[in-house]
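Peer 1: sequence and predicted structure, then a few things I'm wondering about:
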Number of protein chains: 2
Amino acid sequence: MNESVFKAMSDGTRRKIIELLKEGPKTAGEIVNHFSHAQPTISRHLNVLKNANLVVDQREGTYIIYRLNTTILQEWLAWLLEHFGGDNDEKE
Amino acid sequence: MNESVFKAMSDGTRRKIIELLKEGPKTAGEIVNHFSHAQPTISRHLNVLKNANLVVDQREGTYIIYRLNTTILQEWLAWLLEHFGGDNDEKE
DNA sequence: TTATTTATTAGCCATATAGCTATATAATGA
DNA sequence: TCATTATATAGCTATATGGCTAATAAATAA
């Protein structure tokens, strides 16, 4: 599993963005409106998520639409469960 | 879910330590031996994990034994599944 | 072409992180 | 008490992060 996914998911604002995008695709502006941060700040968070391949973007006229890459998110969760979940076979 | 857990889990060395401790408790020295980092470097990673309450330590003579706090780890995984797992109800 | 809207990029700052070496502490044994 | 072993802490450096404002780009409409 790519390190960039862990880094991307370690920030609260970005996790919130992921949760928003779980509802469905949104424009950059719509995402910005959910936060009290400056617009470029959110833009950069979106870029971090894009570099981790957790979201994809697509221009639609003047808008840029972001949508979740559910595949990566689910693969990440599966990786976590495989490595940290399950039996917890403690000795002593 | 505490932000410190996400930060703690976002580092590869610390995830490796967690995986080691899944096998069972280990002394700080045993943990150090699994890495090519300097001893104080690992000591500090252990401290980050301790602050996130992902591990607990216990002195045993000259040794300090670290063990996984499985509760926090499992709660973290449950939180992730609750927020990011499941249906992925995409619209359009 | 010019203005407007949407969004990114550049550039700055303050703080956090992860590595290191050197030093300190804690327990034990001679 | 002194030496040894195990581990933590202090203090440093370089890089990364996350916030901001100002400037740039891209699309559209007048």
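Peer 2: Right, received. Where do you want to start?
Peer 1: for DNA strand C, give me its nearest residue in chain A.
Peer 2: Per CB to the nearest atom of the strand, A:G29 is where chain A lies closest to DNA strand C, at 2.3 Å. Every C-beta, even on glycine, is put in place using the N, C-alpha and C of the backbone.
Peer 1: which residues does that residue contact?
Peer 2: By CB atoms under 8 Å, 6 or more residues apart in numbering or on different chains, the residues touching A:G29 are A:Q39, A:Y63.
Peer 1: which element is it on?
Peer 2: helix A:28-32 (DSSP states H and E).
Peer 1: any idea of the pLDDT on A:D89?
Peer 2: In this model, A:D89 is scored at 51, pLDDT.
Peer 1: which helix or strand lies directly C-terminal to the helix holding A:G29?
Peer 2: Using DSSP H and E, the helix or strand that follows helix A:28-32 towards the C-terminus is helix A:39-51.
Peer 1: how about that following helix: buried residues?
Peer 2: A:I42, A:H45, A:L46, A:V48, A:L49 (16 or more other CB atoms under 10 Å in any protein chain shown).
Peer 1: pull the CA atoms of the helix or strand following it into PDB?
Peer 2: Sequence order places strand A:55-60 as the next helix or strand after helix A:39-51, per DSSP H and E. The C-alpha coordinates for strand A:55-60 follow below in PDB (Å, rounded to 0.1, in the frame of the first residue of the first chain):
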ATOM      1  CA  VAL A  55      -9.700  11.200  -5.800                       C
ATOM      2  CA  VAL A  56      -9.900  12.000  -9.500                       C
ATOM      3  CA  ASP A  57     -10.800  15.300 -11.100                       C
ATOM      4  CA  GLN A  58     -12.400  16.200 -14.300                       C
ATOM      5  CA  ARG A  59     -13.000  19.700 -15.800                       C
ATOM      6  CA  GLU A  60     -16.600  20.600 -16.700                       C
END
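Peer 1: quick one: contacts for the most centrally placed residue in chain A?
Peer 2: The centroid of chain A falls nearest to A:I18 when counting by CA atoms, centre = their mean (4.2 Å). Residues near A:I18 by CB under 8 Å, 6+ apart: A:M9, A:L49, A:L54, A:V55, A:L68, A:L73, B:F84.
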